[in-house]
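> Whatever this is, show me its structure:
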Amino acid sequence: MNTLKPKILIISGPTAIGKSEISIALAHKFNAEIISADSMQIYRKMNIGTGKLTKDEMQGIKHHLIDVVDFDEKYSVAQFIQDAILAIEQILPRNKNVMIVGGTGLYLNALIHSYSLSGAQGDEKIREKYQQIAEKDGGEKLYQLLQTQDPDSAKKISPNDTRRVIRALEIFELTGLPKSTVAANNENIPYDFLQIVLEEERSKLYSHINRRVDNMIAKGLEKEVLSLYQKASHCDTRSDFICLQGQNRAAVKGIKPRSSAAEHTAESGGVRGIAPKFNTLYKNMSSSSAIQSLQAIGYKEFIEYFNNRISFEDTVAKIKQHSRNYAKRQITFFKWMKSNKIFIHRENETEIEQIAQAHLMKGKS
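Residues are numbered from 1 along each chain as shown. Below you'll find the model as predicted:
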């Protein structure tokens, strides 16, 4: 049934496992362009902390869905699906193969199952209605409503996961169908996906993660993060902040860094020393209503550091720990995903190439 559908190869796996290196080699081999499925690399100005490839590292392979929106803009799964499908339809007429590469399982799962094709676009008024129910009557009331309308989805969603409960109720109201039915309706998916999930021994993966974080620090991650916080708070210099507090802006001028916090400069070019008066700003940044991109691993950990609450070494250790935790969650998610997938060790390059060739060349003369 899938012989007439365009073949699309997905290279996925946990962070720092080597997806980019492998995918670029395959793209050269099979005349492919790459669509990024990384929820953080879509943001401009977030380069070091997201592991974004440089132009030289791309080796002439065209990449899509990198630097799509500014770091202070929101970007949703629905937008990703729309942009990814548009990129696919631009690549195929050029007689190029399509590879989708990334570790954001939510993006990959949504694209594979083409949730956007259900027509269940978001509706803010419907969401607000259910949010008000949750605030007034509690999440339990909301979950009971989901159990009545879509019992199959209710079994898969925690009663405490209010966001997902609301989304399931929203889909039901918009389409008249349970979310479980919408998600299972894959007959109209126009592509034949094969997902390769790269694997590696956990100890080796964790070593790669730690080394990757060290490289990011050496490249200037601290300065990148500070620059983003400055831009987010409309400040021109460290001593001239305009702090965002809700919708109010309060100018804070002439505050100098504490001299006791200036020790981290010689070796890494550190910029620590943000005065405690900026605590409100960074609390705001770490709240659920803060800028979406700055909640990413490698960025959010600097909040306490900039407020002199933890050392630079502890900040780096937190980034490494959070990255390892994230890798563990990714591995779990990829095992859970229902897709045409193959798990393969990252060092089995010959087998990876053979699998890629068999899929991408299927049905071609």
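
> And the residue lying closest to His64 once chain neighbours are set aside, which helix or strand is it part of?
Distances taken as Cβ to Cβ, 6 or more residues apart in numbering put Ala87 closest to His64, at 4.2 Å, once the chain neighbours are dropped. Quick note: C-beta positions are derived from backbone N, CA and C, even for glycine. Per DSSP states H and E: Ala87 is located in helix 77-91.

> for that helix, packing partners?
strand 32-36, strand 63-64, strand 97-101, helix 105-112 (3 or more Cβ pairs under 8 Å, 6 or more residues apart in numbering; DSSP states H and E).

> Now with 10 Å, please.
strand 7-12, strand 32-36, strand 63-64, strand 97-101, helix 105-112 (3 or more Cβ pairs under 10 Å, 6 or more residues apart in numbering; DSSP states H and E).

> can you put those in a markdown table and add mean pLDDT and mean neighbour count?
Listed next are these as a markdown table, based on pLDDT from 0 to 100; neighbours: other Cβ atoms under 10 Å:
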| stretch | mean pLDDT | mean neighbour count |
| --- | --- | --- |
| strand 7-12 | 98 | 24 |
| strand 32-36 | 98 | 25 |
| strand 63-64 | 98 | 20 |
| strand 97-101 | 98 | 25 |
| helix 105-112 | 90 | 21 |
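
> least trustworthy helix or strand in the protein by mean pLDDT?
strand 248-253 (a mean of 30; mean pLDDT, DSSP states H and E).

> what about stretch 65-77, how long is it end to end?
Criterion Cα to Cα, to the nearest Å; first-to-last residue distance in stretch 65-77 is 13 Å.

> all helices for this protein, in order.
19-29, 77-91, 105-112, 124-137, 139-149, 151-156, 162-175, 179-184, 202-219, 221-232, 279-285, 302-306, 312-336, 349-360 (DSSP state H).

> What residues sit buried inside the first one?
In other words, helix 19-29. If you call a residue buried by 16 or more other Cβ atoms under 10 Å, then helix 19-29 has these buried ones: Lys19, Ser20, Ile22, Ser23, Ile24, Ala25, Leu26, Ala27.

> which one of those is nearest Val101?
For these, the closest approach to Val101 (Cβ to Cβ) belongs to Ser23, at 4.3 Å.

> which residues does that closest one contact?
Counting by Cβ atoms under 10 Å, 6 or more residues apart in numbering, Ser23 makes contact with 9-12, 32, 34, 36, 61, 63, 99-102, 196, 198, 352, 356.
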